[in-house]
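Colleague: Sequence first, predicted coordinates after that:
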Amino acid sequence: MRLRRETRAIAALVLASFLFGATFVVVKSAVETIAPIGFVAWRFMIGALLLIVIAVPKGGAIWRDGTIAGAALFAGYSLQTAGLALTSATNSALITGLFVVLTPFLAAAFHRYAPSPWSVGAAAVAFVGLALVTGLDDLSLSPGDLLTLGCAVAFALHVVALSVLAPRHPVIPFTAVQLTTVAIASFLLTGLLDGYSLPPETVWPAILITGIGVSVGAYVLQAWAQTVVGASTTAVVLAAEPAFGVATAWVVLDERLDLAGWLGAALIVVAIVVVIKRQKDPATTRAEAVTPAH
């Protein structure tokens, strides 16, 4: 019975990882007809409302800590979605995944210890992979790739914040506060940049898929599975997200990688798995396993 429960949990994580990975294709198509920050606002408003229905956040502390973590999440998703308007879904999926590689360095700086040799080695491997995937020329990235790299930094900051703040609160209501923060900040920013208007009818399927299917559905699967198989296994399975993103972009958008690109993609995924398996800070591993930044 225990084995069957663990098998179901792994299957749930694989499904969640696929949903997270497929998001890149969905959002890539959506931001062709709607302002990126506006899309983030509507997506997270729906996700926040549904999570609040599931578990109402109670108390000032959870709103304070959730808002702090949500600010980093807002920065990550804003940069990621803006970047998707300027780069491929394939590049976005792979570069976003680098947040796992960047996290140990930010955690080490925050907690004042040296990053492990495994983290340094994985970062070097990931940088080579990034160069191969993006065709890095003269150490410069395209605007879309650069925005997405900023997103990876913001998501890494989010994981570090979660490692400190998340253990104080129940997972689902704490995440509801984070998503609420992202929604409110996005609506304020889109009002300043683009004004307010309802999304076009053609974009609503993408908003509902990402808001309900991913921000709520995949995340609830992820949170439940971690209670069965633990944080380390959860983080390792979720490391497949960039691979699902690349595969979905290939099938749906006909995006193709050349031989160098495939080698770079493999190096990035290997670096992500190495960091997760060799993570020095167990609190950071737990945070990577519960972050909705996928």
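Modeller: Good, I have the coordinates.

Colleague: Could you pull out the strands in this protein for me?
Modeller: Under the criterion DSSP state E, the chain carries no strands.

Colleague: List the residue ranges of it that fall below the pLDDT cut-off.
Modeller: Within the chain, the stretches falling below the threshold (pLDDT under 70) are 1-3, 136-140.

Colleague: Enumerate every residue touching residue 183.
Modeller: By CB atoms under 8 Å, 6 or more residues apart in numbering, the contact list for residue 183 reads 41, 44, 45, 47, 48. Using the backbone N, CA and C atoms, a C-beta is placed for each residue, glycine as well.

Colleague: Okay, the second one and residue 198: tell me how far apart.
Modeller: Yep, that's residue 44 we're talking about. Remark: distance between residue 44 and residue 198 (CB to CB, to the nearest Å) = 16 Å.

Colleague: Could you do the fourth one as well?
Modeller: When CB to CB is the yardstick, residue 47 and residue 198 sit 18 Å from each other.

Colleague: So between those two, which is more surrounded?
Modeller: Remark: of residue 47 and residue 198, residue 47 carries more neighbours, 28 against 9, as counted by other CB atoms under 10 Å.

Colleague: in this protein, which spans are helices?
Modeller: Per DSSP state H, the chain has helices spanning 2-30, 36-54, 60-84, 89-96, 99-111, 117-134, 143-165, 171-193, 204-208, 219-229, 231-238, 241-253, 259-277, 282-290. These are given in chain order.

Colleague: Just say which of those is most tucked in.
Modeller: Sort these by mean neighbour count, taking mean count of other CB atoms under 10 Å, and helix 89-96 sits at the top with a mean of 29.

Colleague: Just the CA trace of it, in PDB.
Modeller: As requested, C-alpha coordinates have been extracted for helix 89-96 and formatted as PDB (Å, rounded to 0.1, in the frame of the first residue of the first chain):
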ATOM      1  CA  ALA A  89       9.500  29.000 -25.300                       C
ATOM      2  CA  THR A  90      12.400  26.600 -25.500                       C
ATOM      3  CA  ASN A  91      14.900  29.200 -24.300                       C
ATOM      4  CA  SER A  92      12.500  30.400 -21.600                       C
ATOM      5  CA  ALA A  93      12.000  27.000 -20.200                       C
ATOM      6  CA  LEU A  94      15.700  26.200 -20.000                       C
ATOM      7  CA  ILE A  95      16.900  29.600 -18.700                       C
ATOM      8  CA  THR A  96      14.100  29.700 -16.100                       C
END
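
Colleague: and the direction of that helix versus that of helix 117-134, what angle?
Modeller: Taking axes from the mean of the first three to the mean of the last three CA atoms, to 10 degrees, one finds that helix 89-96 is oriented at 160 degrees with respect to helix 117-134.

Colleague: Contacts for helix 89-96 next, please.
Modeller: Residues lying outside helix 89-96 but in contact with it, judged by CB under 8 Å, 6+ apart, are 21, 24-25, 27-28, 80, 83-84, 129-130, 133-134, 144-145, 148-149, 151-152, 155, 241-242, 244-246, 248-250, 253, 255, 257, 261, 264-265, 268.
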